[in-house]
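[1] From the sequence below, what's the structure:
(one chain, ligands or ions: 1)
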Amino acid sequence: MTTFEKTPGWLDWYAGPSRPRFRLPSGAVDAHCHVFGPGAEFPYAPERKYTPCDASKDRLFALRDHLGFARNVVVQATCHGADNTAMVDALRASGGLARGVATLRPDVTDAQVRELHEAGVRGVRFNFVKRLVDAAPRQDLLDVVEKIAPYGWHVVVYFEAADLPDLRDFLLSIPVPLVVDHMGRPDTAKDPEGPDFGAFLDFMRARPDVWCKVTCPERLSVTGPPALGGEQAAYRDVVPFARRVVEEFPDRVLWGTDWPHPNLTDHMPDDGLLVDFVPHIAPTPALRHKLLVDNPMRLYWPDAD
Ligand SMILES: O=C(O)c1cc(C(=O)O)oc(=O)c1
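    Numbers count the residues shown, from 1 in each chain. As a prediction, the model looks like this:
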């Protein structure tokens, strides 16, 4: 049995989250969350940039039920590299209530992609955040796209706002739908109406199949206050950014908890209070239903009734 020592300063997920005041619509999907290990069963990858606390599928499913979600989309975390075993184990244990996003190397075989598809994987993640992964050659990424395209998968992309100008043309050349993590990580100290976030909105306008996760206020907020201690006005500086995206692109936005919140250094949010953030960025019941139910179902469970 392998034991792992957490990265110094690692913040564990919040035990005992509150029950959200905002009642999620029936059938809501937590469209961005992860499992970590447990490391003794599913060892962390040698090439990882951090070693997390364990965050098992059982904990994830308990949180799903506690918060009032019906389904999860489990995104492969970089601490597991391209070994998708823990994520796939969660999908298989979910009874069809979880879909997945994998990390793949260009030498993946068609049989392996098919097996992942059968387990519930519907996307592949390309990570351009330098603190999380070593850069992959673009040709390798295009080779992966060629393998997944026949299965109707999409590409989830994670990048920092400063890297968008360099990545834009490459990303827009990828011939399958794109899903951007965490709004392309805007600098929320800047003006949401300014040129930097404008460049991100332009990127979304460039193709009708670019989607956006309006997630991670706890990561993007500069001024807080944190979602702790019953705070109902958490992360207010992030609201105008997320709301702009939700209002302009109501049919291609997704939301998720990001549990178990890798690499936070300031505080670990109460996930119940994070759910209470949603009505601030999606102010009407119709927008919330698209964000939490219709959109993720169209992308991840298109054949469900
Ligand atoms: O896969 C990960 O390691 C990862 C990390 C972060 C982050 O550190 O920002 O965010 C994510 O959504 C996923």
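[2] Do I have it right that Arg168 meets Met204?
    No: the pair Arg168 / Met204 is not scored as a contact, 11.1 Å apart, by CB atoms under 8 Å. Where C-beta positions appear, they are placed from N, C-alpha and C, glycine not excepted.
[3] More neighbours: which of those two?
    The neighbour comparison of Arg168 against Met204 (other CB atoms under 10 Å) goes to Met204, with 20 against 16.
[4] how close does that one sit to the ligand?
    To the ligand, Met204 is 19 Å away according to CB to the nearest ligand atom, to the nearest Å.
[5] give the contact list for that residue.
    For Met204, the contact set (CB atoms under 8 Å, 6 or more residues apart in numbering) comprises Val180, Val210, Cys212, Val245, Glu248, Phe249, Arg252.
[6] List the ones among those that fall in helices.
    Of the positions in the contacts of Met204, Val245, Glu248 sit in helices, assigned by DSSP state H.
[7] Save the contacts of Met204 as CSV, and put in pLDDT and distance to Phe61 too.
    Converted to CSV, those look like this (pLDDT from 0 to 100; distance: CB to CB, whole Å):
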residue, pLDDT, distance to Phe61
Val180, 98, 27
Val210, 98, 30
Cys212, 98, 26
Val245, 98, 29
Glu248, 98, 34
Phe249, 98, 30
Arg252, 98, 27
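[8] From Ala93, how far out is the residue in the stretch 101-250 of the chain that the ligand sits nearest to?
    In the stretch 101-250 of the chain, the residue that lies nearest the ligand is Leu132 (5.1 Å; CB to the nearest ligand atom). The gap separating Leu132 from Ala93 is 26 Å, by CB to CB, to the nearest Å.
[9] Comparing those two, which residue is more hemmed in?
    For Leu132 and Ala93, the more surrounded residue by other CB under 10 Å is Leu132, and the numbers stand at 16 against 13.
[10] Please list all residues in contact with the more buried one.
    Going by CB under 8 Å, 6+ apart, Leu132 touches Lys49, Thr78, Tyr158, Asn263.
[11] Am I right that it is in a helix?
    No: counting by DSSP: H, G, I helix; E, B strand; the rest coil, Leu132 is not part of a helix but coil.
[12] Relative to Tyr50, how far out is it?
    From Leu132 over to Tyr50 (counting by CB to CB), the distance is 8 Å.
[13] So which bits of the stretch 151-300 of the chain are right by the ligand?
    Proximity of the stretch 151-300 of the chain to the ligand (CB under 6 Å from any ligand atom) is limited to residues Asp181, Arg219, Asp258, Pro262, Asn263.
[14] ok, 8 Å please
    Within the stretch 151-300 of the chain, the residues that sit near the ligand (CB under 8 Å from any ligand atom) are Tyr158, Asp181, His182, Arg185, Thr215, Cys216, Arg219, Asp258, Pro262, Asn263, Leu264.
[15] neighbours of the second one, just the number please.
    The local packing of Asp181 (other CB under 10 Å) involves 23 other residues.
[16] quick thing: my sequence starts at 710, can you match it?
    Renumbered: residue one is now 710, and that last one reads Asp890.
[17] got the contact list for the nearest residue to it once chain neighbours are set aside?
    The shortest distance from Asp890 to any non-neighbouring residue, by CB to CB, 6 or more residues apart in numbering, is to Tyr867 (4.1 Å). For Tyr867, the contact set (CB under 8 Å, 6+ apart) comprises Arg834, Phe835, Asn836, Phe837, Val838, Leu841, Val889, Asp890, His891.
[18] which two from those residues end up farthest apart in space?
    Across the contacts of Tyr867, the longest distance by CB to CB is 15.4 Å; it joins Leu841 and Val889.
[19] Please report the distance of Phe906 from Gly832.
    Phe906 is 25 Å from Gly832, where distance means CB to CB.
[20] tell me which element the residue nearest to Ala858 when sequence neighbours are not counted is part of?
    Spatial nearest neighbour of Ala858, excluding adjacent residues (CB to CB, 6+ apart): Val885 at 5.4 Å. Assigned by DSSP states H and E, Val885 falls within no helix or strand.
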